[in-house]
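Trainee: below: sequence and its predicted model.
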Number of protein chains: 2
Amino acid sequence: MPPIKMKNGKAATLPKHAAAEGAKPASKPAKGRTAKPRPLTRIQREKQDIILEAALDVFSVYGFRGSTIDQIAEVAGMSKPNLLYYFPRKEDIHRRLITELLTTWLEPLRALDADGDPIPEIRSYIRRKIEMARDYPRESRLFANEMLQGAPHIIDMIEVDLKNLVDEKAKVLEGWMDAGKIARTDPYHLIFSIWATTQHYADFDVQVRAVLGKDRNGEGRFEDAARYLEQLFMAGVLSPRKKGA
Amino acid sequence: MPPIKMKNGKAATLPKHAAAEGAKPASKPAKGRTAKPRPLTRIQREKQDIILEAALDVFSVYGFRGSTIDQIAEVAGMSKPNLLYYFPRKEDIHRRLITELLTTWLEPLRALDADGDPIPEIRSYIRRKIEMARDYPRESRLFANEMLQGAPHIIDMIEVDLKNLVDEKAKVLEGWMDAGKIARTDPYHLIFSIWATTQHYADFDVQVRAVLGKDRNGEGRFEDAARYLEQLFMAGVLSPRKKGA
DNA sequence: CTAACCTTTTTCCAACTGGTCAAAATTCTT
DNA sequence: AAGAATTTTGACCAGTTGGAAAAAGGTTAG
């Protein structure tokens, strides 16, 4: 049983690729139509990161409407107007977080390789998902919060990108089933159940810790969970040949 | 495969046993110390129900902080001061909802019978949990929202009542494992995974529907889910004899 | 050094928030 | 039907909220 390898324990925001949209501080009117984006100074990048960090803290707990700019500004250690200088609107911060999140969030599933060995592929997918719950609980909660509200800000991404990805991977799973390499079940619900069980450890963390009690709620709980879930899903997915009930 | 039996589709609040605490409209100063509770008029009961219904709608989506009294009042079809006449504080409404919820929420687990047949017991527990996700999605989301925020309002109930119940049922499961009636696994994580997978269908409903696509997102998805989950957990729990790896 | 730019702070505001209060309208009791 | 009790309403309030404006403070290139 390979132990889950810990990533850096640091609470870093997920990859901050390119500056994405907007958040352009008050500059000159930007001549013509094609306003050259202008590469972002060091300070701008740093401050934006600090803000996004703070916002993740706040949004992931209270959701969009339940969070206030003042609160985020305080966590970020700056004044509200200063924060608004970098992100003119509350929504801008949120959008940035949530779109970046979505990309990263689906990485593990994207990595599921049709040409790989089915059992290890699935097993490592599960392991990676638990690692994410452990290492990025705030991101998980941010996502959960958005879902609970009906995903108002990302519904179209869900309906297109996410759906396409899942459709694709569901086909991969079905291929494995057809080849008798894994037991036959509903690939969609299989994926849902992996999401549900792994993310549960981030989203319902309080509950998990409370129920496990003082003695078992150390960081080891993630390894226990990993072990348990591997066992569960392996049992559910193994035993090929067993075609249609 | 017994089909899940539909309960009334009506959107009723969970059982409203006794008037619980407070919510006493402005009355006479109530003589002495032992203010006789006075049995609640018909109007009071009706209005409170309407308010709780509306509040459930709102709180379950936006969480406590993200919801406003005005919003709830509007959904309830009454003026804010009128609403406040029945529940003097926002928190009162929320507390009522969430404590009632907790009781109901744990019913299925409570029903897990140590003297019953293990496999059917577990199977029917799962079925009941899915039915709840289907019939009481708002309650599920209210609970999820509370968890995401660290369960500030019910942390002590979680740490005591919930923990005790789970401890008790975990022992039941362990008993079955010792008797070789079900496969050996971690009973706590088994319970967590049942919670996670079933509640997922209420909490992440948008996602589930979006991914399943237009053709499969009818009400039938709950039956598919039930079927899938029974299969998954039966595989994970069956095969006794298979002691320690 | 200084002009042009970038960053931060101060001040301000209108809309919204949870909640109060007294008067008015309704319902219940006798 | 009168009087008491309950329910509803409208006006109001102090604190918070998201955000605008502009002045003040820093940086940096020439």
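Mentor: Received, thanks. Fair warning: this is a prediction, and the values are worked out from it, not measured in the lab. Residues are numbered from 1 along each chain as shown, chains lettered A, B, ... in the order given.

Trainee: only C-alpha atoms from now on, for both contacts and neighbour counts.
Mentor: OK.

Trainee: what about the helices in chain A?
Mentor: Using DSSP state H, the helices assigned to chain A run over residues A:42-66, A:69-76, A:80-86, A:90-110, A:118-135, A:137-148, A:155-157, A:163-178, A:187-203, A:205-216, A:220-237.

Trainee: out of the ones you listed, the one nearest B:Asp156 is which?
Mentor: Shortest separation from B:Asp156 across these is recorded for helix A:205-216, at 9.2 Å, computed as Cα to Cα.

Trainee: just the pLDDT for the most centrally placed residue in chain A.
Mentor: The structure's chain A has its C-alpha centroid closest to A:Trp105; by Cα atoms, centre = their mean the separation is 3.4 Å. As predicted, A:Trp105 sits at a pLDDT of 93.

Trainee: which parts of chain A sit against DNA strand D?
Mentor: Where chain A comes near DNA strand D, counting by Cα under 7 Å from any atom of the strand, the residues are A:Arg65, A:Ser67, A:Thr68, A:Ile69, A:Asp70, A:Lys80, A:Pro81, A:Pro88, A:Arg89, A:Lys90, A:Glu91.

Trainee: okay if I get these as JSON lines plus pLDDT?
Mentor: Supplementary listing: the residues of chain A next to DNA strand D in JSON lines, determined by pLDDT from 0 to 100:
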{"residue": "A:Arg65", "pLDDT": "97"}
{"residue": "A:Ser67", "pLDDT": "98"}
{"residue": "A:Thr68", "pLDDT": "98"}
{"residue": "A:Ile69", "pLDDT": "98"}
{"residue": "A:Asp70", "pLDDT": "97"}
{"residue": "A:Lys80", "pLDDT": "97"}
{"residue": "A:Pro81", "pLDDT": "97"}
{"residue": "A:Pro88", "pLDDT": "96"}
{"residue": "A:Arg89", "pLDDT": "97"}
{"residue": "A:Lys90", "pLDDT": "97"}
{"residue": "A:Glu91", "pLDDT": "97"}
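
Trainee: adding neighbour count, write the residues you listed out as CSV.
Mentor: CSV is the format used below for the residues of chain A next to DNA strand D (neighbours: other Cα atoms under 10 Å in any protein chain shown):
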residue, neighbour count
A:Arg65, 15
A:Ser67, 19
A:Thr68, 18
A:Ile69, 18
A:Asp70, 14
A:Lys80, 16
A:Pro81, 13
A:Pro88, 17
A:Arg89, 13
A:Lys90, 17
A:Glu91, 13
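
Trainee: which ones among these also lie next to DNA strand C?
Mentor: On the criterion Cα under 7 Å from any atom of the strand, A:Lys80, A:Pro81 are the entries of the residues of chain A next to DNA strand D that sit beside DNA strand C.

Trainee: which of the residues of chain A next to DNA strand D are close to chain B?
Mentor: Cross-checking the residues of chain A next to DNA strand D against chain B (Cα under 8 Å from any Cα of the partner chain) gives A:Arg65, A:Ser67 as the overlapping residues.

Trainee: pick out the most distant pair among the residues of chain A next to DNA strand D.
Mentor: A:Arg65 and A:Pro81 (19.2 Å).

Trainee: distance of the residue of chain A found nearest chain B from A:Leu83?
Mentor: Checking chain A residue by residue against chain B with Cα to the nearest Cα singles out A:Gly66 as nearest, at 3.8 Å. When Cα to Cα, to the nearest Å is applied, the distance between A:Gly66 and A:Leu83 equals 18 Å.

Trainee: higher neighbour count, those two?
Mentor: With neighbours defined as other Cα atoms under 10 Å in any protein chain shown, A:Gly66 and A:Leu83 compare such that A:Leu83 has more, 23 against 16.

Trainee: residues touching the closest residue to the more buried one other than its chain neighbours, list them.
Mentor: In space, A:Leu83 comes closest to A:Ala73 once its chain neighbours are excluded; the distance is 6.2 Å by Cα to Cα, 6 or more residues apart in numbering or on different chains. With contact set as Cα atoms under 8 Å, 6 or more residues apart in numbering or on different chains, A:Ala73 has these partners: A:Ile51, A:Ala54, A:Ser79, A:Lys80, A:Leu83.

Trainee: redo those residues as a markdown table? Include distance to A:Glu131.
Mentor: Below are those laid out as a markdown table (distance: Cα to Cα, whole Å):
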| residue | distance to A:Glu131 |
| --- | --- |
| A:Ile51 | 25 |
| A:Ala54 | 22 |
| A:Ser79 | 35 |
| A:Lys80 | 35 |
| A:Leu83 | 32 |
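
Trainee: ok, those vs B:Met157, which is closest?
Mentor: Scanning the contacts of A:Ala73 for proximity to B:Met157, where the rule is Cα to Cα, the winner is A:Ala54, at 30.0 Å.

Trainee: give me the number of residues near the residue of chain A found nearest DNA strand C?
Mentor: Closest to DNA strand C within chain A is A:Asn82: 3.5 Å, counting by Cα to the nearest atom of the strand. Residues near A:Asn82, counting by other Cα under 10 Å, number 12.

Trainee: and A:Asn145, how far from A:Phe59?
Mentor: Taking Cα to Cα as the criterion, A:Asn145 is separated from A:Phe59 by 8 Å.

Trainee: for A:Asp156, give its distance to A:Leu142.
Mentor: If you measure A:Asp156 against A:Leu142 using Cα to Cα, the figure is 17 Å.

Trainee: kindly reformat the residues of chain A next to DNA strand D as TSV containing distance to A:Trp195.
Mentor: Rendered in TSV, the data for the residues of chain A next to DNA strand D read as follows (distance: Cα to Cα, whole Å):
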residue	distance to A:Trp195
A:Arg65	25
A:Ser67	26
A:Thr68	30
A:Ile69	31
A:Asp70	33
A:Lys80	36
A:Pro81	39
A:Pro88	34
A:Arg89	32
A:Lys90	29
A:Glu91	27
